[in-house]
Structure formats: C-alpha cells, structure tokens
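Q: okay, here's the prediction I keep looking at, along with the sequence it came from:
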Amino acid sequence: MECGIEMRTTILAVLVALAALCAFATAQDTAQDWVKDGSELWKDGYYEEAILAFDKAIQIDPDNAEAWYSKGVNYANMNKSDEALDSFQKVIELNYTPKLVDAWINKAIMLEHLGRYNESLNSYNTTIEMIDPSQKQKLASVWCYKGYLLANSLGELEDAINAFDEALKATPDDERILNMKKGLLIILGQIP
C-alpha cells in the first residue's frame, strides 16, 4: 500500500504534535511546575486545560494546597460551584495558611450560590473570626458579603444592617457600604 503525499504530511504533523506534547509533559517534573502552567493557562482563558494541569499537580502531590486553591478559583470562574466548593474545602482541610481566609470566603460564596444559606452564613462567621483586624478592607468585604446574604437570601434586614455597620467600623468612609445600609433603612421605613 502506497502512502500519498497528503497522508505522509498528516502523519508527520501528528508525530510532530505528539513529540511536542511529550516534551511538554517530561518538562513538568514537579507539582509546582504544573501549578505554574495551570496558572498561565487560566490567565490565557484556557480554563479546562488549567484544571487538567492542577489535577496533574494534585496527582504528584495530593496535599498541594496551592493547586487545590487554584483549581477552586478556576471552577468558580466557570460557574461550577460544587466542584469549586470541594476544592476550597480541601484547602481548608490542609490548613493552607496563605490562602486559608480566602478559601473560607470562597467556600461561603459557593455555598450561597448553591442555596445553602445557613452554611454560607456559618462560613462567613468563621471567616470573620479568622481575619486579622488590621486587614480592614478584607474584613469590611466579608461583613458586606454577610450583609448581602442576610438581606437578599435570608430576608433578615435588621441583621444585614448590623453587618453593614460592622463593615463601616473597618472602613468608615466607604460610600458603597453607606449606600447599602441607607437602602435597607429606607426599605424598613427608618429613613423617609
């Protein structure tokens, strides 16, 4: 059987592609290499491919919290809340200090997206207890997230106002928070 020029060209192209993939795969020796590549893929908008890279890092090092955290962020950006929640929970279980507070925040957000409001509220409360008071902007943000949850999902407007008051203790001049609080006070008839 004789191979035509087109067939040879196709076979050659496939072999070159396979060689490139093999070279790429063998260049990745460590979990950290895969995390780095996954982060680059994510930045370039290749979310599925980034997940595969983070999975490869996790295969090499199942306790690589950075890979788990990055995987969770990717899933969250892809609106895959269940998968993101699992990844953030793993980061929490590993007690990964550099991203622990962020993992708790993201866990609360994913629980809220999944309609698990009371669990979300508990996660926000845990997060608030963990945040260093000197991290005023982060603290204010979490209090605001909690306020949104209380107002929009749980209908607890008074508690939401209290949450916004706590946010204002951290960042007193934040117009956005002041306006949210004012809006709730108007709804409650406390401001005409």
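A: Okay, I see it. Numbers count the residues shown, from 1 in each chain.
Q: mind checking the SS state of Ile51?
A: What DSSP: H, G, I helix; E, B strand; the rest coil gives for Ile51 is helix.
Q: where does the protein dip in pLDDT?
A: Scanning the chain for pLDDT under 70 picks out 1-28, 192.
Q: mind checking which residue lies nearest the centre of it?
A: Val73 (3.2 Å; CA atoms, centre = their mean).
Q: in the chain, which spans are helices?
A: Remark: helices assigned in the chain by DSSP state H are 5-27, 31-43, 47-60, 65-77, 81-94, 100-113, 117-130, 136-148, 157-170, 175-187.
Q: isn't Ile58 right up against Lys71?
A: Yes: the pair Ile58 and Lys71 passes the contact test of CB atoms under 8 Å, sitting 7.4 Å apart. C-betas here are computed from N, CA, C, even on glycine.
Q: neighbour count winner among the two?
A: Using other CB atoms under 10 Å as the criterion, Ile58 and Lys71 rank with Lys71 on top: 29 against 20.
Q: so that one sits against Lys56, correct?
A: No: the pair Lys71 / Lys56 is not scored as a contact, 10.8 Å apart, by CB under 8 Å.
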